[in-house]
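# here is my input; please provide its structure:
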Amino acid sequence: MTVSHRSLRPGSAAPLIVRAEDAERVPLPHGGAFLLLADASDTGGALGVNRLTLGPGATGARPHRHELSTELFLVLGGALRFTAAGRTTTVTTGGLICVPPGVPHSFGAAPGSPADLVAVLTPGVDRFDYFRALGRIQRGEESFDSLLPAQELYDVHFLPPED
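Purely as a prediction, here's the structure:
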C-alpha cells in the first residue's frame with residue numbers, strides 16, 4: 001500500500017510515510033544538506049521534521065530560540081557541538097538533545113567531525129521555506145538579513161551577535 005507524503009491530517013487514521021528518496025534535499029556548501037521530511041502542514045500541526053548533515057566543523061545554526069516549540073535533536077552519526085544556557089557540549093552518535101521553548105541555543109558539527117542529525121520541532125511550524133532560505137544563505141545566494149523579517153513566522157528568533 002502506498003501512502004501519500006501528505007496523508008496525515010487532523011482526524012486522519014492514515015500514517016505519514018516519507019521515504020528518503022522522496023524528500024526534498026536542500027544542498028549546503030560544505031557537502032551537507034537539509035532533507036525536508038515533514039512540515040507542520042503534513043502532520044496536522046503536531047510536528048515538523050528534517051534531517052541535517054553537516055560537513056566537518058560546519059555551523060548548523062547561530063544562536064536563536066523558539067518561543068512556541070520544543071526542539072529535539074537525535075544525533076545519527078558524527079559529533080554535534082551544542083551550546084545552550086551558557087554551556088557547550090559535544091554529543092555523539094545516539095545522543096539526544098531536547099530544548100524547551102525560550103532556551104537560546106546554537107549548534108554545528110564538532111571541529112574535525114561531520115554531524116548527521118534528525119531535528120524535530122513540536123508543536124510543528126511550517127518551516128520548509130526557512131530551510132530553503134538557509135540553504136540559499138549558506139551558498140551565498142542571499143544575505144542572512146533576509147530571514148530577519150520572518151522570525152515570527154518560523155518561530156526562530158535570532159539572538160543579537162555578541163561583541
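
# next, count neighbours for Thr70.
16 (other CB atoms under 10 Å). For every residue, glycine as well, the C-beta is placed using N, CA and C.

# for it, give the beta-bridge partners.
Here Thr70 sits in beta bridges with Thr122, going by DSSP bridges.

# that one against Val103, yeah?
No: the pair Thr70 / Val103 is not scored as a contact, 9.3 Å apart, by CB atoms under 8 Å.

# hey, where'd the strands end up in the chain?
With strands called from DSSP state E, the chain shows them at 24-27, 33-38, 48-54, 59-65, 70-84, 87-92, 96-99, 105-109, 115-122, 157-158.

# for Thr83, name its beta-bridge partners.
With DSSP bridges as the rule, Thr83 is bridged to Thr88, Ser106.

# ugh, wrong one, I meant Leu35
Applying DSSP bridges, one finds that Leu35 bridges with Arg25, Arg51.

# ok so, going back, who wins for proximity to Phe128 among the strands of the chain?
strand 33-38 (5.0 Å; CB to CB).

# buried set for that closest one?
For strand 33-38, a neighbour-count test (16 or more other CB atoms under 10 Å) marks 33-38 as buried.

# among those residues, which two are most distant?
Greatest spacing in the buried residues of strand 33-38, by CB to CB: Ala33 and Ala38 (16.3 Å).
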